[in-house]
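Participant: task: produce atomic coordinates for the following.
(one chain, ligands or ions: 1)
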Amino acid sequence: MLTQFSFHAPSFVVSERNGCTKTGGLLKSYGAEGKVLLVCGSRTSGLGLLDPVVDSVRAAGLEPVVFDKSLPDAPVEVVREGLQVAKREGVSAVVAFGGGSAMDTAKAIACMAHLEGDVLDYCRGTVAPSPRKCLLFAIPTTCGTGSEATDIGVVLDRQGSYKYIFANPFAGPDVAILDPLLLLSLSPQMIAATAMDAFSHSAEAYTCRAANVMMEPLALYSMREIVTYLPKALSTSGEARLDAIERLLIASCMAGQAFTQVGLHLGHAIAHGIGVHGHVHHGAACALALPYALASVSEEIPDRIRAVGELLGAAFPSGCDAKEIGRLVGEELLRFNRSVGIQSLSQYGVKEEQLDAMAEYAVHEEGTQGNSYRRSPKEELLDYLRRIL
Ligand SMILES: [Fe+2]
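Facilitator: Predicted structure coming up:
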């Protein structure tokens, strides 16, 4: 674990049941005036989930402008359209409301609202990031991304089949509101997938090259919370379910705080390949990729891999060598995945002929691969993808 690092926690975090009704007041206290852009997906606005936020913005004397066209993976065309709306309306704040894609979309819009140039140029760094002129708030409706309090955004270029990652200190929301009541309508599949995304954020952050002593407790604690509360969120109802979902939402924010400091590694490189070429939900792809990502570095960092396994309840025979630790932790993780309903790639419609493109994508994703203790050969990756097909 590194002892020399920088640590940036960008967001004021409010965790409160019904906290979303405070959005307008908080926006006002942060200096918002005039119009506020609310970014979400059409399903979210259709369910009426956004209504209390709209009401709260109006009650604070602000004018809500709803952009409810956010799509999975934040395609660049949608971001461009939202950006046009933000500029045309002259909004003073952007509020992200939804899962990771709504937040990625809103982050890119808020970061570029005062800039000229194209979104992809911003992602590539040829349009330089500079301090935002408009406020950015984030209200998650899933328990996975942690994006509500991270400096990172992802935009999909469908034409180029590539997910661009932008990360800079201005991309972190000013305020994150964690309101578990907003997650009650999530399906068990969605809760499992998003919580495993959060687990992967912590597990990869904890086992990457850049891991440091200050983010370590956030990573370890959030993994422990997810192992405890994900099964409860899936097996209980009423107040017990709400309690479990609340803990998962907080754990996901903690995991976001852990990985925004140090980045991720192989698991997300593979998951992005699975997402781009197989259109599997990001969280499920992460869950399925993580066992390999951890096992593949067990000879370099056996103690850290073992610590993740112990959180999951894995048993290690005495004298167990580093390679065996990796194998056992990978198996334990696959077992945990199955227990929460995440079994295989084919469950999500992936076909054998798509695996090669996924492996090819993963070995070339420098941003995350380069943070792993070990570079995986494509053939090895392909073997693993076949195994989880
Ligand atoms: Fe993720």
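Participant: show me where the stretch 51-200 of the chain has its strands.
Facilitator: 63-67, 93-98, 135-140, 152-157, 162-167, 175-178 (DSSP state E, counting those that start in this stretch).
Participant: make JSON lines out of the ones you listed and add distance to residue 124, mean neighbour count and mean pLDDT.
Facilitator: C-betas here are computed from N, CA, C, even on glycine. Shown next, in JSON lines, are the strands of the stretch 51-200 of the chain (distance: least, CB to CB, whole Å; neighbours: other CB atoms under 10 Å; pLDDT from 0 to 100):
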{"stretch": "strand 63-67", "distance to residue 124": "24", "mean neighbour count": "19", "mean pLDDT": "98"}
{"stretch": "strand 93-98", "distance to residue 124": "22", "mean neighbour count": "30", "mean pLDDT": "97"}
{"stretch": "strand 135-140", "distance to residue 124": "21", "mean neighbour count": "27", "mean pLDDT": "98"}
{"stretch": "strand 152-157", "distance to residue 124": "10", "mean neighbour count": "23", "mean pLDDT": "91"}
{"stretch": "strand 162-167", "distance to residue 124": "7", "mean neighbour count": "19", "mean pLDDT": "87"}
{"stretch": "strand 175-178", "distance to residue 124": "27", "mean neighbour count": "25", "mean pLDDT": "98"}
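Participant: TSV for the ones you listed, including distance to residue 45?
Facilitator: Listed next are the strands of the stretch 51-200 of the chain as TSV, based on distance: least, CB to CB, whole Å:
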stretch	distance to residue 45
strand 63-67	6
strand 93-98	9
strand 135-140	13
strand 152-157	21
strand 162-167	25
strand 175-178	17
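Participant: nearest to residue 122, of those?
Facilitator: strand 162-167 (6.4 Å; CB to CB).
Participant: for the closest one, which strands pair with it and how are they oriented?
Facilitator: Sheet pairing here is set by DSSP bridges, and for strand 162-167 it gives strand 152-157 (antiparallel).
Participant: quick test: name the residue nearest the centre of the protein.
Facilitator: residue 145 (2.4 Å; CA atoms, centre = their mean).
Participant: pretty sure it contacts residue 195?
Facilitator: No - the pair residue 145 / residue 195 is not scored as a contact, 10.9 Å apart, by CB atoms under 8 Å.
Participant: so what's the residue nearest to the centre of the chain closest to, chain neighbours aside?
Facilitator: residue 100 (3.5 Å; CB to CB, 6 or more residues apart in numbering).
Participant: is the one you found in contact with residue 138, as I believe?
Facilitator: No - the criterion here is CB under 8 Å, and residue 100 misses it with residue 138 at 10.3 Å.
Participant: shared neighbours of these two, anything?
Facilitator: residue 147 (CB atoms under 8 Å, 6 or more residues apart in numbering).
Participant: for residue 291, helix, strand, or coil?
Facilitator: For residue 291, the assignment made with DSSP: H, G, I helix; E, B strand; the rest coil gives helix.
Participant: one step back: quick one: the residue nearest to the centre of the chain from residue 334, how far?
Facilitator: The gap separating residue 145 from residue 334 is 23 Å, by CB to CB, to the nearest Å.
Participant: and if you look at residue 88?
Facilitator: Counting by CB to CB, the gap from residue 88 to residue 334 is 49 Å.
Participant: repeat for residue 180
Facilitator: 29 Å.
Participant: the two: who's more crowded?
Facilitator: residue 180 (23 against 20; other CB atoms under 10 Å).
Participant: so who does that one touch?
Facilitator: 17, 242, 245, 246, 249.
Participant: what do you get if the cut-off is 10 Å, keeping everything else the same?
Facilitator: 15-19, 140, 143, 241-250 (CB atoms under 10 Å, 6 or more residues apart in numbering).
Participant: quick one: pLDDT of residue 376?
Facilitator: We have a pLDDT of 87 for residue 376.
Participant: repeat that for residue 73.
Facilitator: Reported pLDDT for residue 73: 85.
Participant: residue contacts, it?
Facilitator: 100-101, 104-105, 154-156, 158, 163, 272, 275-276, 279, 282.
Participant: and which of these is nearest to residue 258?
Facilitator: residue 100 (16.0 Å).
Participant: what's the local residue count around the closest one?
Facilitator: Residue 100: 26 neighbours (other CB under 10 Å).
Participant: any idea how far it lies from residue 332?
Facilitator: 26 Å.
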